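Asker: Generate a structure from the sequence data that follows.
(chains A and B)
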Number of protein chains: 2
Amino acid sequence: MGRASKREDIAQAAFRQFHARGFNATGINDITQAAGVPKGSFYNHFSSKEESAVEALNRYAATLRFDMLAASDRPPLERLRAHFEFLSKDTVENGFVRGCLVGNFGAEVADHNEEIRAAVNRGFGRWGEGIQHVLVEAQEAGDLDGELDAEATALFILSAWEGTLIAARAGKSAAPVDAFFRTVFDVVLG
Amino acid sequence: MGRASKREDIAQAAFRQFHARGFNATGINDITQAAGVPKGSFYNHFSSKEESAVEALNRYAATLRFDMLAASDRPPLERLRAHFEFLSKDTVENGFVRGCLVGNFGAEVADHNEEIRAAVNRGFGRWGEGIQHVLVEAQEAGDLDGELDAEATALFILSAWEGTLIAARAGKSAAPVDAFFRTVFDVVLG
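Answerer: As a prediction, the model looks like this:
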């Protein structure tokens, strides 16, 4: 196995372990075992568990399909709904586990590690901007009240989504996901 | 120090350590050190770290002032706002750390421990019912659209609050808290 592919295997295993177990419950050993590499090889590729966590966040963000927000194939609010339907499908089909890695690291690690806090914040920032852009498009198209503060509403919708995943995991139930769709699309943006 | 007061010191220390550090980053040693008791004494009072975490959740829930929701001293929606203002004051004044223990355990532990998941779910359930009751009161008083689904809206507001705390911690910023108040009170319930 080449050096580049070994790094890729470790990075991918770290992402999956962090998403399944959380930051503190994941040991370097869990990551190297899952990657099928010797424990010592982790530090040939990452200077710390924190560094691999920041890379895991970037890998996770790439799965969130921000491109669904930016595409112009459908009316803006339909794209926003499709984006969250895509995300909710994942959580419902997986039995309400894992949640969102950005929110998980935000809840577990942001207070304790500046590097991870900043990466979580960048993730939220990029995501919020994508949502805000869709809302502004919807306002320009006349599909959404022009008085609505698009920046605050985008931030709120993102926060609401993060909390929705936590409530869904706690209850092993789609009720919080249903409440999210009904309130965001029929009330906030309705 | 008597047996009862030693148990109280350990339970209180566990609550504070779990809230500050999270579940997996808190060792029994952190708890007993913070309580000023020998490490071995933990197991005289709790069968496991998980058991002390469930008690910590109950202690935390008692600080959330659900009584502010149930009181009839003010119009229902004013009480709801005062409840979240009380909670947001805590997070803003503390420099956006710790967040909500219910949400933190939901994000970090619910997937991995059935006892803690059930306790988190009970916490959300009780809180959501308190909010729902306020919304129904507001509907009966004619202060809120009677068509609004009070149960789904209450669940949504609670989820949104949990995510708001995570975003505020990640950004070390009150912007998500401001967005919560503006959207919940001016748009969802406005």
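Asker: which residues in chain A form strands?
Answerer: For chain A, applying DSSP state E gives no strands.
Asker: So which helix or strand of it has the lowest pLDDT on average?
Answerer: helix A:67-70 (a mean of 93; mean pLDDT, DSSP states H and E).
Asker: buried sites along it?
Answerer: Neighbour counts using 16 or more other C-beta atoms under 10 Å in any protein chain shown place A:Met68, A:Leu69 of helix A:67-70 among the buried residues. C-betas here are computed from N, CA, C, even on glycine.
Asker: With only the CA atoms kept, save it in CSV.
Answerer: Extracted C-alpha coordinates of helix A:67-70, given in CSV (Å, rounded to 0.1, in the frame of the first residue of the first chain):
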residue,chain,number,x,y,z
ASP,A,67,-24.3,21.8,-4.6
MET,A,68,-28.0,21.0,-4.3
LEU,A,69,-28.5,24.5,-2.8
ALA,A,70,-26.5,26.2,-5.6
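Asker: so where's chain A shaky on pLDDT?
Answerer: A:1 (pLDDT under 70).
Asker: and A:Lys172, backbone torsions?
Answerer: phi 50, psi 50 (degrees, to the nearest 10).
Asker: got a list of what it touches?
Answerer: A:Gly95, A:Phe96, B:Arg117 (C-beta atoms under 8 Å, 6 or more residues apart in numbering or on different chains).
Asker: go on, A:Gly27?
Answerer: Contact analysis of A:Gly27 by C-beta under 8 Å, 6+ apart lists nothing.
Asker: thinking again about what came up before, can you tell me which of the contacts of A:Lys172 are in helices?
Answerer: B:Arg117 (DSSP state H).
Asker: Just the buried subset of the contacts of A:Lys172, please.
Answerer: Buried among the contacts of A:Lys172 by 16+ other C-beta under 10 Å: A:Phe96, B:Arg117.
Asker: Which one of the contacts of A:Lys172 is nearest to B:Glu78?
Answerer: B:Arg117 (33.9 Å; C-beta to C-beta).
Asker: isn't the closest one right up against B:Val102?
Answerer: No: taking contacts as C-beta atoms under 8 Å, B:Arg117 lies outside contact range of B:Val102: 11.4 Å.
Asker: Common neighbours of the two, please.
Answerer: Common neighbours of B:Arg117 and B:Val102 (C-beta under 8 Å, 6+ apart) do not exist.
Asker: Now do A:Ala20 against chain B, distance only.
Answerer: 8 Å (C-beta to the nearest C-beta, to the nearest Å).
Asker: what about the residue nearest to that residue when sequence neighbours are not counted, how many neighbours?
Answerer: Excluding the flanking residues, the one nearest A:Ala20 by C-beta to C-beta, 6 or more residues apart in numbering or on different chains is A:Arg98, at 6.0 Å. When neighbours are defined as other C-beta atoms under 10 Å in any protein chain shown, A:Arg98 has 19 of them.
Asker: Please tell me how far A:Arg98 sits from A:Val92.
Answerer: 12 Å (C-beta to C-beta, to the nearest Å).
Asker: just to revisit the earlier point, quick check, the residue nearest to A:Ala20 in contact with B:Glu108.
Answerer: No: A:Arg98 lies out of contact with B:Glu108 (C-beta under 8 Å); the separation is 11.7 Å.
Asker: In this structure A:Phe15 contacts A:Asn58, no?
Answerer: No: using C-beta under 8 Å, A:Phe15 is not in contact with A:Asn58; the gap is 9.0 Å.
Asker: Can you pick out the residue with more neighbours from those two?
Answerer: A:Phe15 (22 against 13).
Asker: mind listing what the spatially closest residue to the more buried one that is not a sequence neighbour touches?
Answerer: In space, A:Phe15 comes closest to A:Ala56 once its chain neighbours are excluded; the distance is 4.0 Å by C-beta to C-beta, 6+ apart. For A:Ala56, the contact set (C-beta under 8 Å, 6+ apart) comprises A:Ala11, A:Ala14, A:Phe15, A:Phe18, A:His19, A:Leu101.
Asker: now A:Phe185
Answerer: A:Phe185 neighbours (C-beta under 8 Å, 6+ apart): A:Leu77, A:Arg81.
Asker: before we move on, what about A:Gly103?
Answerer: A:Glu162, A:Leu165, A:Ile166, B:Ala107, B:Gly163, B:Ile166.
Asker: before we move on, what about A:Arg74?
Answerer: A:Ala82.
Asker: Tell me where chain A has helices.
Answerer: A:3-21, A:28-35, A:42-45, A:49-62, A:67-70, A:76-93, A:101-108, A:114-140, A:150-171, A:175-181.
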